[in-house]
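Novice: Build me a model from this:
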Amino acid sequence: MTAAPSPRQLPLNILAHSATTALGAGLDAQRQALAQRRSGLRRNDFGSDPLDCWIGRVEGVEDVALPPALAGFACRNNALAWLALQQDGLLDALAGVVARHGAGRVAVVMGTSTSSIGATEEAYAHLQAGADGVACFPPDLRRPRIHTPHAPGDFVQAATGLRGPCVTVATACSSSAKVFAQAARLIHAGFADAALVGGVDTLCGSVLFGFHSLQLVANDPCRPFDARRNGLSLGEGGGYAVLERAGAGPDTALQLHGYGESSDAHHMSAPHPQGLGARLAMQRALHGAGIDAAQVGYLNLHGTSTPANDGIEAAAVAALFPPSLHASSTKGWTGHTLGAAGIVESVFALLALSDGLLPGTLNSEVPDPACGPQIRFDNACADIGHAMNNSFGFGGNNCSLVFGKAG
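Specialist: This is a model prediction of the structure:
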């Protein structure tokens, strides 16, 4: 499978970006933990009967109070979305694009995997008999807007007052990488001049026990690309980026240069054994950015720490990139944040561009001989011009992004 010819993609300016994970809220918390090689994983303490595993849980989500005007959106997922939105000048950047273009010309594109299903679980666990004797949700959870896949996009649009196109992307673990591609298409097609893109997913029983039922959850902290890897560690997170058409506002240091998507539909949960979809997404992202593989200085891998995923992704990377590439998985820091992985790990790629810190692969010590020299366990420092992020989801939903410094 080879990449079909596609036009060079015009860059989009990145006015602000941020992530909130088990490492803390905002960019400084992420960069400090990455530099110190300090993991956010801890023994699972989520739920009344915790699964024996390690998780990346965000501190303080339960203490977040939404403004009274947004009380109807209250749930744990939206609380994390709100917390993440307050960081790193995101709201100031949004105010700037609204002043330039109007709220109706700023899109909202959010990614998620499970949305606010945790609130739906809670509602079903506390069913009450209604006046007609039929079981129904308790009054405090009888809020239809939080029990839908579109809940994150709906909430963020209400929270920001933006009135442009509003989309929630739910393609499993590629969701909040694909938001960049979706926003780019909206802007380039003339439906918007700027966009708030992001993603949020929170831990819940369906996530923890669902992945456990697939025999994918490790009892110990995950160790991506290690020869002894035996499963993933689940996490939660949220993040955003403010994108604007280049030339429509102030110059920025960082840009989205290209995106590539594919859907190989090989299997409901297993990756294609030859990594054809993953390779196609990477090829398309490089082509869209107008660069060669050798120009990528850092690649944040999907790297879930499951035996099949890591080996297949490493083989696809080795087929495209030179041995000099620094590629790593950062899931040993945050856990696999599912629908938020795309935005969280895009932020890590942007930090590599801005700070010159190229993360290694935390917890991993024994290289898998089946993986190429591109896979790095140790941190490194380098001034790079382009960074890339891979996010691959169930069902063969693949997305790769190329970020770069403004020329």
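Novice: Name the spans of the protein whose pLDDT lies under the cut-off.
Specialist: Per-residue confidence of the chain (counting by pLDDT under 70) places the weak regions at 1-8, 266-270, 275.
Novice: And the helices in the stretch 201-350 of the chain, which stretches?
Specialist: Under the criterion DSSP state H, counting those that start in this stretch, the stretch 201-350 of the chain contains helices at 205-213, 276-289, 307-320, 331-334, 341-355.
Novice: which stretch among these comes nearest residue 377?
Specialist: Distances from residue 377 to each of those were compared using C-beta to C-beta; the shortest belongs to helix 331-334, at 9.8 Å. The C-beta positions use only the backbone N, C-alpha and C, and glycine is treated the same way.
Novice: Residues contacting that closest one, please?
Specialist: Under the contact criterion C-beta atoms under 8 Å, 6 or more residues apart in numbering, helix 331-334 has outside partners 21-23, 33-34, 38-41, 56, 221-224, 232-233, 235, 237, 303-305, 341, 344, 359, 361-364.
Novice: show me where the stretch 51-200 of the chain has strands.
Specialist: 54-56, 106-111, 128-129, 135-136, 166-169, 194-201 (DSSP state E, counting those that start in this stretch).
Novice: Same list (these) but as a markdown table, adding distance to residue 255 and mean neighbour count.
Specialist: Conversion of these to a markdown table gives the following (distance: least, C-beta to C-beta, whole Å; neighbours: other C-beta atoms under 10 Å):
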| stretch | distance to residue 255 | mean neighbour count |
| --- | --- | --- |
| strand 54-56 | 29 | 25 |
| strand 106-111 | 17 | 30 |
| strand 128-129 | 52 | 10 |
| strand 135-136 | 50 | 12 |
| strand 166-169 | 21 | 22 |
| strand 194-201 | 13 | 32 |
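Novice: mind checking which of these is nearest residue 404?
Specialist: Put simply, out of the strands of the stretch 51-200 of the chain the one that sits nearest residue 404 is strand 194-201, at 17.0 Å, with distance taken as C-beta to C-beta.
Novice: So in that sheet, which strands flank the closest one, and in what orientation?
Specialist: Partner strands and pairing direction for strand 194-201 (DSSP bridges) are strand 106-111 (parallel), strand 237-245 (antiparallel).
Novice: now it and helix 341-355, what's the angle there?
Specialist: Taking axes from the mean of the first three to the mean of the last three C-alpha atoms, to 10 degrees, one finds strand 194-201 and helix 341-355 inclined to each other by 120 degrees.
Novice: Now do strand 194-201 against helix 205-213, angle only.
Specialist: For the pair strand 194-201 and helix 205-213, the angle between their directions (the same axes, to 10 degrees) equals 60 degrees.
Novice: what residues are up against residue 191?
Specialist: Residue 191 is in contact with 107, 164-165, counting by C-beta under 8 Å, 6+ apart.
Novice: For residue 315, state which of those residues is nearest.
Specialist: Scanning these for proximity to residue 315, where the rule is C-beta to C-beta, the winner is residue 107, at 36.3 Å.
Novice: which ones are touching that closest one?
Specialist: The neighbourhood of residue 107, defined by C-beta under 8 Å, 6+ apart, consists of 162, 164-167, 183, 186-187, 191-192, 194-196.
Novice: Return the set of residues that bridge with it.
Specialist: Taking DSSP bridges as the rule, residue 107 bridges to residue 195.
Novice: partners of residue 12 in the sheet?
Specialist: According to DSSP bridges, the residues that bridge with residue 12 are residue 245, residue 256.
Novice: just checking, it touches residue 181?
Specialist: No. Residue 12 sits out of contact with residue 181 when judged by C-beta atoms under 8 Å, with a separation of 10.7 Å.
Novice: Distance check, residue 357 against residue 312.
Specialist: Spatial separation of residue 357 from residue 312 under the definition C-beta to C-beta, to the nearest Å is 27 Å.
Novice: and these two? which has more neighbours close in?
Specialist: Using other C-beta atoms under 10 Å as the criterion, residue 357 and residue 312 rank with residue 312 on top: 24 against 17.
Novice: How about the contacts made by the more buried one?
Specialist: By C-beta under 8 Å, 6+ apart, the contact set of residue 312 is 271-275, 278.
Novice: what's near enough to touch the residue lying farthest from the centre of the chain?
Specialist: Relative to the C-alpha centroid of the chain, counting by C-alpha atoms, centre = their mean, residue 132 is the outermost residue, at 43.6 Å. Counting by C-beta under 8 Å, 6+ apart, residue 132 makes contact with nothing.
Novice: how far away is it from residue 317?
Specialist: According to C-beta to C-beta, residue 132 and residue 317 sit 58 Å apart.
Novice: next one: residue 161
Specialist: 42 Å.
Novice: Of those two, which one has the most company?
Specialist: Regarding residue 161 and residue 317, a neighbour count based on other C-beta under 10 Å identifies residue 317 as having more, with 24 against 10.
Novice: my guess is that one contacts residue 299, does it?
Specialist: Yes. Assessed by C-beta under 8 Å, residue 317 is found in contact with residue 299 at 6.8 Å.
Novice: Identify the contacts common to those two.
Specialist: 325, 327, 374.
Novice: I'd say the first one and residue 301 touch.
Specialist: No. Shown here, residue 325 and residue 301 do not form a contact pair, counting by C-beta under 8 Å, at 10.5 Å.
Novice: between those two, which one's more packed in?
Specialist: The neighbour count for residue 325 versus residue 301, taken as other C-beta under 10 Å, is higher for residue 301 (28 against 21).
Novice: show me the contacts for residue 159.
Specialist: Residues in contact with residue 159 (C-beta under 8 Å, 6+ apart) are 70, 73, 81-82, 85.
Novice: actually residue 392, sorry about that
Specialist: Each residue near residue 392 by C-beta under 8 Å, 6+ apart is listed here: 173-174, 271, 277-278, 281, 302, 309, 313, 398-399.
Novice: do residue 292 as well
Specialist: By C-beta under 8 Å, 6+ apart, residue 292 lies in contact with residue 286.
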